[in-house]
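Sequence and predicted model, in that order:
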Amino acid sequence: MNLQAIMGRNQQGICFVSKSVSFSDYVTISSKHQIVISEIRKSEKVPEGSIVIDSRLWFSLDISQDKLVSVKNHEAVPKIHTLTLIATSVNPEIPHHEVVEEMRNRIDDFKDDLHGLVVRVGQKIPVPRVDVEITISEIAPISSDGYAQIDWDNVFKFVISPGSVCPPFNLSCVIDCGASSHKKDIFQVIDGVSNLVSRFDAVTTLIVNLLETILIQKDSHLLSMICFSSHLDIMHTFDSITGAETAVSSIESPDIIEIVKEWFYEKLEVHRTEPSNPCIGLEKGIDLAKIQHKMNNHPTIVLFFSSGSYSEGRNPVFCSQTNHNRISVCTIGIGEHADQELLQGIAESGKGVHQDYVNLEQIPKIISKIKEFISGI
């Protein structure tokens, strides 16, 4: 639904619509390439066909008065009980650690800047009155797509760290889409109830979260996507300048997320009954990573998503060497029953890092670990 945007005040993260409009408790509000999630309420004071947007969200959307925005339902978002923030000084004369100390001494002064906001890992929140930019580093619990709402007075673990800048980087994602990817052994907790989701759904959720984090950074990044079983498929898009088909895409617009999801779920059907040969995926992923690095000279990560299952090809530990000091292979061990030891060996051979992935709540930790690793390349 398209509604006319009206700028409100600081409304504790809540946006308001007229009584006649029917939404769930949370909505997605989008304008051009900007997206925010907000709690929503009805009010008889709001004109028909309009939405009154919290002033902090207004500036995130970068819109003008009376502009049309797209509003649609979003799943319920949990309240944050664990919140880690990274504080970065935007004043070159003030070191990051001094900013952190000042925030720790006056933490409640920042309640009005953060309370009520629905956030995700990697999101940046400017606080220009004190020359600070806050980055969300860790949150728990999270919704299935990685969001949570800051309820300031109920956060019981609060950490503030000095900022360090993660450089722009490229991703070459290599995903096992064979028969083992359909197994359900990833935990998801909703309203205190633990459920199991499939490995491919968990991979999709993590990749979407990672891409959205990259989009927030607004730097130049390149992406390639490979899925494999006994054979492989490469995602192709079209170059925005030449119109030529290409295996390397720019991460510039949220549109890339839908493109990735549609491509991935389409290929799952092609590979769903096939055995896995990780080496063909790794070798092609490294080839594409070299092309990406040559295009912009950014550090490039081959991100290998697998349970460690393989029934064809060579031992994948011997297929992950990149012979390049700016290209590394990092592994994500998908599922409670994944062969984490094998995946650790693949990462070590590729001069990267390994992380197990058995619960959707690990997503912020995994993204932070990837960014920390890239910062050290």
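Happy to help now that I have it.

in the stretch 51-200 of the chain, which ranges drop under the pLDDT threshold?
163-165, 191 (pLDDT under 70).

And the helices in it, which stretches?
55-61, 96-105, 111-114, 199-217 (DSSP state H, counting those that start in this stretch).

As CSV, those with distance to residue 355 and mean neighbour count would be great.
For every residue, glycine as well, the C-beta is placed using N, CA and C. Output for these, formatted as CSV (distance: least, C-beta to C-beta, whole Å; neighbours: other C-beta atoms under 10 Å):
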stretch, distance to residue 355, mean neighbour count
helix 55-61, 30, 19
helix 96-105, 26, 16
helix 111-114, 28, 16
helix 199-217, 10, 22
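
can I get these in JSON lines with distance to residue 255?
Formatted as JSON lines, these follow (distance: least, C-beta to C-beta, whole Å):
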{"stretch": "helix 55-61", "distance to residue 255": "17"}
{"stretch": "helix 96-105", "distance to residue 255": "34"}
{"stretch": "helix 111-114", "distance to residue 255": "29"}
{"stretch": "helix 199-217", "distance to residue 255": "10"}
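
for these, which one sits closest to residue 369?
Closest to residue 369 of those, according to C-beta to C-beta: helix 199-217, at 11.3 Å.

How far off centre is that closest one?
Centroid separation between helix 199-217 and its chain, computed with C-alpha atoms, centre = their mean, to the nearest Å, is 4 Å.

which secondary structure elements does it contact?
strand 170-176, strand 184-190, helix 255-271, strand 300-306, strand 327-334, helix 363-375 (3 or more C-beta pairs under 8 Å, 6 or more residues apart in numbering; DSSP states H and E).

tell me the angle that helix makes with helix 363-375.
60 degrees (axes from the mean of the first three to the mean of the last three C-alpha atoms, to 10 degrees).

any idea which helix or strand comes after helix 199-217?
Note on helix 199-217: by DSSP states H and E, the next helix or strand toward the C-terminus is strand 222-228.

Packing partners of that next one?
strand 170-176, strand 232-234, strand 249-250, helix 255-271, helix 278-296.

and the gap between the closest residue to residue 14 other than its chain neighbours and residue 328?
Nearest non-adjacent residue to residue 14, counting by C-beta to C-beta, 6 or more residues apart in numbering: residue 39, 4.8 Å away. Between residue 39 and residue 328 the computed distance is 40 Å (C-beta to C-beta, to the nearest Å).

And for residue 276?
Counting by C-beta to C-beta - residue 276 and residue 328 are separated by 22 Å.
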